[in-house]
Structures are given as structure tokens and as C-alpha cells.
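> I would like the atomic coordinates for the input below:
(chains A and B)
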Amino acid sequence: TQLLEQSPQFLSIQEGENLTVYCNSSSVFSSLQWYRQEPGEGPVLLVTVVTGGEVKKLKRLTFQFGDARKDSSLHITAAQPGDTGLYLCAGDYAGGTSYGKLTFGQGTILTVHP
Amino acid sequence: ETGVTQSPTHLIKTRGQQVTLRCSSQSGHNTVSWYQQALGQGPQFIFQYYREEENGRGNFPPRFSGLQFPNYSSELNVNALELDDSALYLCASGGAYEQYFGPGTRLTVT
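Got it, this is the predicted structure:
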């Protein structure tokens, strides 16, 4: 059974601060996806990283994939109240034609205060 | 808007009863996966269907079963409901590097 450790579990920061969320596993991912989830809704895909060492940017969000494809991070610059939500990382270990069986981290509840 | 819909939105059942949850995924997506998300936790993989056959299962007992139909709809059935089955149930479909989730069905077992 693959495990995905996500930290921190809670983050409460002021508007304008920077933050980083981490996602770690002892197994190699074929791909890793980051999601954001609002209360009462399903997770919404933010980005997928596939290649070791890959860096992707989405406005103020920067996603990194570790060289060994066992870890990933999400960095938010100058957080805004609209960034508040649950952030989830999800690893797809199988890949190939057996995709889509995701293992999720526990999630990080981010609260950005005005 | 992911194109994935689920029904019903909310459901209340009594322990021991059976429940059927429904999902309609995007046209062209051959796989549908179901997840259980307990309050305050990340989703847990229940099982996946590919071309109407079960294609992998997580650590869930056989009383969790499913069906997938040719029209890209699917069902999750849970028999002999237990209190711990109370959760948000999510379905997802997509390609190799992107899974699109529905809004979920909130199941409460009393």
C-alpha cells in the first residue's frame, strides 16, 4: 500500500505571506496531481507533474516535482484570501494504461486572513 | 465545470440499509473511479471501472460494488451500511494525467 504524506495539515497566514505545502512518498510516482477543493464540492485539478525535476507555474502558484519523482511541493507567493481552501496532492503510481487510481495525501487546509 | 455529474447531492440512510449513488462522466472517458472522502481527510480510492469491468480496487470490502454502463454513467452500491460509511463519495473520469471529479454525494448513515 502506497502512502502519501502531506504537510502541514493546517496553515493559517496573513494576506501577502508566502507558503509551501509538501508531499512525500517512499514510492515513485508515474505522475502527481495537485487539487484544490472547496467545501461541499469535488476536487478541482490545478496541475499535473510528470517529469522528475519539473517545475510548473500557475500565476502565483509554483509546483515542483522531485528529481526522483517521490516528492512534490506547492509554493504560493503573496497569498490572497481567495486562496483559502483545501489543497490535496494525489499520486498516480501505476501509470501507463492503468492510470487514474490516485492515492491522496491528507490535505492541507489553508486559511488566508485579510 | 468538469462535465462530471453526480446524484443525489445528499442522502440520509439508516444503518443496515443499502444505497446506490450515480455518476455521469464525460463522453469519451473510458474509466470511472470512485472515492470515499471522510470529513477532514483526503479521498480514498474505492475502485475503478474500465469498459464496464472492475479494473482495480482499494482497501474496501465487497459490500462496496459498482457498475459502469456504455453511456458513460456508473453506479456505486453499498450494502449493509455502517455508521463509518458516512462520507462524501466522489466519482472521477479522465485521461492518463488528469482526473476530473464530480461534486460528490454526501452520505449520512444514522
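> hey, let's count contacts and neighbours off CA atoms from now on
Noted.
> count of neighbours near residue B:86?
When neighbours are counted by other Cα atoms under 10 Å in any protein chain shown, residue B:86 registers 20.
> which residues touch it?
Shown in contact with residue B:86 (Cα atoms under 8 Å, 6 or more residues apart in numbering or on different chains): B:38, B:106, B:107, B:108, B:109.
> Likewise for residue A:107?
Contacts of residue A:107 (Cα under 8 Å, 6+ apart): A:6, A:7, A:9, A:86, A:87, A:88, A:89, B:41, B:42.
> tell me which of those is nearest to residue A:39?
Set against residue A:39, the nearest of the contacts of residue A:107 by Cα to Cα is residue A:86 (8.2 Å).
> Surely the closest one is within a strand?
Yes: checked against DSSP: H, G, I helix; E, B strand; the rest coil, residue A:86 lies within a strand.
> excluding its backbone neighbours, what's nearest it?
residue A:109 (4.5 Å; Cα to Cα, 6 or more residues apart in numbering or on different chains).
> Name the SS class of the one you found, please.
Secondary structure, three-state DSSP: residue A:109 is strand.
> and if you look at the one 3 residues further on?
At residue A:112, secondary structure determined by three-state DSSP is strand.
> Surely it touches residue A:86?
No: in this structure, residue A:112 is not within contact of residue A:86 by Cα atoms under 8 Å, at 11.7 Å.
> who's more crowded, these two?
residue A:86 (22 against 18).
> quick one, what contacts the more buried one?
With contact set as Cα under 8 Å, 6+ apart, residue A:86 has these partners: A:36, A:37, A:38, A:107, A:108, A:109, A:110.
> Now the residue most central in space within chain B: phi and psi?
Centroid-nearest residue in chain B: residue B:34, 3.5 Å away (criterion: Cα atoms, centre = their mean). When quoted as degrees, to the nearest 10, the phi and psi of residue B:34 stand at phi -120, psi 140.
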